[in-house]
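Engineer: Sharing a model that was predicted from the sequence below.
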Amino acid sequence: MKRAFLLLLFFLFSAVIYSQSLLQAATKNRSNLVAKEPVKIYLDNYKFKAREFYGYLGFLETDFSKNDTTELKELITKAMDSEPDLTKWTEKEIPNKILVEPDKFVKPKIGLEKIKWTTKEEKKAIIKEIRKYNRMKVMWPSFPLYLSRPVYSKSGNYALIGLVNGGSTGAVILYKKKDEKWTEVADLKSWVY
């Protein structure tokens, strides 16, 4: 019983580590304001066509082999068929970002404490983003950033995340784990509101 409990803890801890590094990669160079509510990965009407996919990723041929096609198909099917996990994000899951709820005021001082800024320019940009968010009556085009919970491939080397930038654009991004780092590989589907 004790061994099974420890094994369960190990797998849960491993999943959290995967999520944290992937989420840090997904939120890098994007809005400092992230919605607490996750979104569904939107792949409606998406058809995986290996030929087009590899043509699109011609510049990344060294990162892909034909053997990856099956795993990518399975990952996309899994993302389309599985019920999305819409559990609210926590600060531990998405560190160094400000988690926001719709129509809730964000205090600039508290927001600044949550982000590790290093220059005065970064500080000004964060405050400016918070102030715009607090003033808006309708959704701002670039924030808050809405994220889906990641969907991982069987091997754990690929993942999909849905992103929505405020009220302007959305995408489903494919990530690949290489040398213990997650990198953005392809934009499988994009849309503009």
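Structural biologist: Now that the structure is in, tell me what you want to look at.
Engineer: Just the buried residues of whichever strand in the chain runs longest, please?
Structural biologist: Looking across the chain with DSSP state E, the single longest strand is strand 181-192. If you call a residue buried by 16 or more other C-beta atoms under 10 Å, then strand 181-192 has these buried ones: 182, 185-186, 188-189. For every residue, glycine as well, the C-beta is placed using N, CA and C.
Engineer: ranges for the strands of this protein?
Structural biologist: Applying DSSP E to the chain gives strands spanning 33-35, 98-100, 145-147, 151-152, 158-165, 169-178, 181-192.
Engineer: Give me the mean pLDDT for the shortest one.
Structural biologist: Just to be clear, that refers to strand 151-152. Model confidence over strand 151-152, given as mean pLDDT, is 95.
Engineer: again with stretch 171-191
Structural biologist: In this model, stretch 171-191 has an average pLDDT of 87.
Engineer: Ile173: what's it in contact with?
Structural biologist: Listed by C-beta atoms under 8 Å, 6 or more residues apart in numbering, the contact partners of Ile173 are 26, 160-163, 184-188.
Engineer: returning to what we had before: need the buried residues of strand 181-192 in CSV with distance to Ser21, can you?
Structural biologist: Supplementary listing: the buried residues of strand 181-192 in CSV, determined by distance: C-beta to C-beta, whole Å:
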residue, distance to Ser21
Trp182, 6
Val185, 15
Ala186, 19
Leu188, 20
Lys189, 23
